[in-house]
Every structure is written in structure tokens, then in C-alpha cells.
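# Could you work out the structure for the sequence below:
(4 chains)
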Protein chains: 2
Amino acid sequence: MSEPHPLDDDADGRETSSTAGIDHACLQHLLGYQIARADIPTRRAFAHRIGKPLNLTAVEFSTLVLLAHNTGATPKQLADALAMHAPAISVLLDRLAQRGLLERVRSETDRRLQHVLLTAEGRQLADEARERSLTAERTLLQGLSAAERAILVELLQKVAGARGV
Amino acid sequence: MSEPHPLDDDADGRETSSTAGIDHACLQHLLGYQIARADIPTRRAFAHRIGKPLNLTAVEFSTLVLLAHNTGATPKQLADALAMHAPAISVLLDRLAQRGLLERVRSETDRRLQHVLLTAEGRQLADEARERSLTAERTLLQGLSAAERAILVELLQKVAGARGV
DNA sequence: TATTGTTATACTCTATAACTATA
DNA sequence: TATAGTTATAGAGTATAACAATA
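Next up is the predicted model:
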């Protein structure tokens, strides 16, 4: 996407080679396509800077950061915030608990509920991860000005809040 | 995301209820998080307007549209354009071929290559799908001005072209 | 009767290795 | 020796149903 014109044909009209790219101008205007494409370097940057070194998936990262700022959140709240289903959150929390990063305690006032609490180790990892996320973000968005970054985030928030159907 | 302040606590400092949302301001500035959130209504709109009525996944849709504008593209070119691995494209094309939407013909000049061609039915479905995508796009982005839409697409393209690592 | 959370299960996606046929 | 494409397979992610405990 950084090349000026990544089309197949040369200027003199030579046949398309099998290794050259094809023209995706027909999809460029579609938000879903652009989101999917922007997601690729974003996930790669996450994996490189956070995921692999800290052994965290994207949702594990989000869960830890959310819990660091929302002490005692319930699994249901996490599921809603992360757009995940209850069973997925359940096994996710199992995994993080087994690593000693968090604990689940029954609510006193409503014994159906649990409150999820980070351990000291969990909080430390959450802080480390969030710090790394700032570096990763800078590297990923170095082609954009500060104003452009702010606009991008704002517009994505508008899309996220859209009804869509 | 459309509410002004979707925080847990009421103004008088009442305790967080289990059903209220939690504060994700700590993640709001992260591009990966925003992309993941914007992806949700986008995929929902796709499924509602195109995926279910036309029985197409997002990559199947993209494949048909790409082929409609790049007659005779090779599986490798499609794999590169869609950021998919060769085996995934292989079974994807199998599925679409079995539905009578496309055909694969061996290249005369290099018999390792195939050229993928839409059938009349495939081309018709591609046209129908692309037409529906315009409607879906309008509905999804009705909260944004035309200028904002253009900026959003442009900024996402910049991100897609970023090195990121 | 409704809600929270768990377990079990199935289905899709993705990733890799191993193979063929061509060059 | 390298490339295009296929098959087989394993792994992760995601979805639903069935269940237990509590309200």
C-alpha cells in the first residue's frame, strides 16, 4: 500500500506476471476491507512487542489492562467489554489464574457473582504490558502525525458505536 | 461508545453494578483495540447485508470482487492480496468452484500456474455483492460525513502500509 | 423464572509440513 | 534448486447447549 501504483501491468502494457500484485482499487473504499488490512501490521506489532515477549494474546492483554483499571470487575462485565461470550471468558480467566496473575472471589452481596482481582504479579505484568503498548503504538503510527492519530481513533470510535444494521 | 460517558459509577459515587459497563478509557488510545471494536459492527453489517443473503464469507466476497476486476488472477496473487496462506486459498477456490462461481485453467506459458476465471454466475454474484456493499457501507457510516469517511479510509491505508516492527 | 458462571462440544480459521508437478 | 498448488493435520478462536448455584 505504500507504493504509488501497485498495479500488475507495466506502462508498456506487458502481460501481468504471476508474482506482481493485483489491483484492489475495487475494494479500497470498503471499510471492512481497510479494517482487515490495517489489522495485519497492528497484530504483527502487538505480537512482536508484547505478545511474544510477555506471552500474552491480545484479549489477555486487554483483560489485564482492564482489570488494572477496574478492580473487582466481574467476568460478565469483562465479557461485555471485550465482546466475548461467557465460556470464552471463563477459560481465559482460568488460564490467567493458573499463571498466578489474578484471583476470583465470590461476591458477598450476590453469591452468583465473582470479582476478579489482579495479584501483585498480575498488576506488574499489566503495567509492563501497557508501557510496551505505548512504544508499539509509536512505532506502528510513526507515519501519522499526532493530529492524524487522534482523528483516526476518534473516527474508529464512531464506527464502533454505529448500529450498522 | 455512543453514550457520552459510559462509566460504571453514578455521579453520587454508588458502587458499580454487575451489569453496568466498565471503564475502558485505559484502552481507548490503542489502535489495535479500536480496530477490534470497529470490526464488530462492520462484520455484523456485512453478515446482515451480504454474508447471509448471498451465502458468502468476507474473504469469499473479496475474492469474487477481486476476480471480477482482475480476470485470470492466479491463486498466489489472490493469497498475497488477501493476506492468506496458499492452503487456505486452495480450499476457498475449491468451495467457490463447486458452487459454479469460478473455474481454474492451467496457464499455457507456465504450467505450474493457474488462472482463475469467474463464470457468468460468478460474475453476476460479484456484481450483486458489490452493489449490496455500497448500501451496507452507507448504513454503517451514516454517522460520518463524506469527508470523515474519506479521511478514515486514507488513514487506515496508511496504517495498513506501515512496517509496524 | 432469570442470571452468573462452568463444562462439554462442535465448527471455523489459521498455520505448518509434506507432497506433486513444473520450471 | 526454486516455485505453484494441493492435501493432511494440528492448533487457536468462537459459538451453542446443557448444567449448577443463586437470586
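
# Which residue, other than its chain neighbours, is closest to the residue nearest the centre of chain A?
By CA atoms, centre = their mean, chain A has its centre lying nearest to residue A:58, at 5.3 Å. What sits nearest to residue A:58 in space, not counting adjacent residues and going by CB to CB, 6 or more residues apart in numbering or on different chains, is residue A:46, at 5.9 Å. For every residue, glycine as well, the C-beta is placed using N, CA and C.

# quick one: the one you found from residue B:122, how far?
In this view, residue A:46 and residue B:122 are 36 Å apart by CB to CB, to the nearest Å.

# Among these two, which residue is more densely surrounded?
residue A:46 (25 against 22; other CB atoms under 10 Å in any protein chain shown).

# does the more buried one belong to a helix or a strand, and which?
Element membership for residue A:46 (DSSP states H and E) is helix A:31-46.

# Provide the angle between the direction of that helix and the direction of helix B:31-46.
Angle, helix A:31-46 to helix B:31-46, by axes from the mean of the first three to the mean of the last three CA atoms, to 10 degrees: 150 degrees.

# close to DNA strand C, is helix A:31-46?
No - applying CB under 7 Å from any atom of the strand, one finds helix A:31-46 separated from DNA strand C by no less than 8.3 Å.

# Need the contact partners of that helix.
A:1, A:24, A:27-28, A:58, A:61, A:136, A:139-140, A:159, B:31-32, B:35-36, B:38-39, B:42-43, B:45-46, B:58, B:62, B:83, B:137, B:140-141, B:149, B:152-153, B:156-157, B:159-165 (CB atoms under 8 Å, 6 or more residues apart in numbering or on different chains).

# Tell me the helix or strand right after that helix.
helix A:52-54.

# what's the spacing between that following helix and its chain's center?
15 Å (CA atoms, centre = their mean, to the nearest Å).

# and residue A:53, how many residues sit next to it?
Residue A:53, neighbours per other CB under 10 Å, totals 12.

# what sits against it?
With CB under 8 Å, 6+ apart, residue A:53 has these contacts: residue A:132.

# quick revisit: show me which positions of the helix holding residue A:46 end up buried.
A:31-39, A:41-46 (16 or more other CB atoms under 10 Å in any protein chain shown).

# which one among those residues gets closest to residue A:68?
residue A:46 (17.6 Å; CB to CB).

# list the helices and strands the longest helix along chain A packs on?
As assigned by DSSP state H, the longest helix anywhere in chain A is helix A:120-140. On a contact count with 3 or more CB pairs under 8 Å, 6 or more residues apart in numbering or on different chains; DSSP states H and E, helix A:120-140 meets helix A:31-46, helix A:52-54, helix A:58-69.

# what about the next helix or strand after it, near chain B?
Sequence order places helix A:146-160 as the next helix or strand after helix A:120-140, per DSSP H and E. Yes - taking CB under 8 Å from any CB of the partner chain as the criterion, helix A:146-160 and chain B are in contact, through A:148, A:149, A:151, A:152, A:153, A:155, A:156, A:157, A:158, A:159, A:160.

# Kindly reformat the residues you listed as a markdown table containing pLDDT, neighbour count and distance to DNA strand C.
Shown next, in a markdown table, are the residues of helix A:146-160 next to chain B (pLDDT from 0 to 100; neighbours: other CB atoms under 10 Å in any protein chain shown; distance: CB to the nearest atom of the strand, whole Å):
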| residue | pLDDT | neighbour count | distance to DNA strand C |
| --- | --- | --- | --- |
| A:148 | 97 | 16 | 28 |
| A:149 | 96 | 18 | 26 |
| A:151 | 97 | 16 | 28 |
| A:152 | 98 | 23 | 23 |
| A:153 | 96 | 18 | 24 |
| A:155 | 97 | 22 | 24 |
| A:156 | 97 | 26 | 20 |
| A:157 | 96 | 16 | 24 |
| A:158 | 96 | 16 | 25 |
| A:159 | 96 | 26 | 20 |
| A:160 | 94 | 21 | 20 |
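
# of these, closest to residue A:112?
residue A:160 (29.7 Å).

# Just give the nearest non-adjacent residue to that closest one, would you?
residue B:37 is the one closest to residue A:160 (CB to CB, 6+ apart), at 3.9 Å.

# Close to DNA strand D: what parts of chain A are there?
Proximity of chain A to DNA strand D (CB under 7 Å from any atom of the strand) is limited to residues A:18-19, A:57, A:59, A:84-88, A:91, A:110-112.

# just for chain A, where's the confidence low?
The model of chain A has pLDDT under 70 over residues A:1-19.

# Can you pull the residues of it lying near DNA strand C?
Residues of chain A lying near DNA strand C (CB under 7 Å from any atom of the strand): A:74-76, A:86-87, A:89-91, A:93-94, A:104, A:112-114.

# sorry, back to before: taking helix A:146-160 as reference, get the angle to the helix holding residue A:46.
Using the same axes, to 10 degrees, helix A:31-46 lies at 120 degrees relative to helix A:146-160.

# Count the neighbours of residue A:63 for me.
28.

# Does it touch residue A:94 like I think?
No - if you go by CB atoms under 8 Å, residue A:63 and residue A:94 don't touch, sitting 12.0 Å apart.

# Need the residues touching each of the two.
Common contacts of residue A:63 and residue A:94 (CB under 8 Å, 6+ apart): none found.
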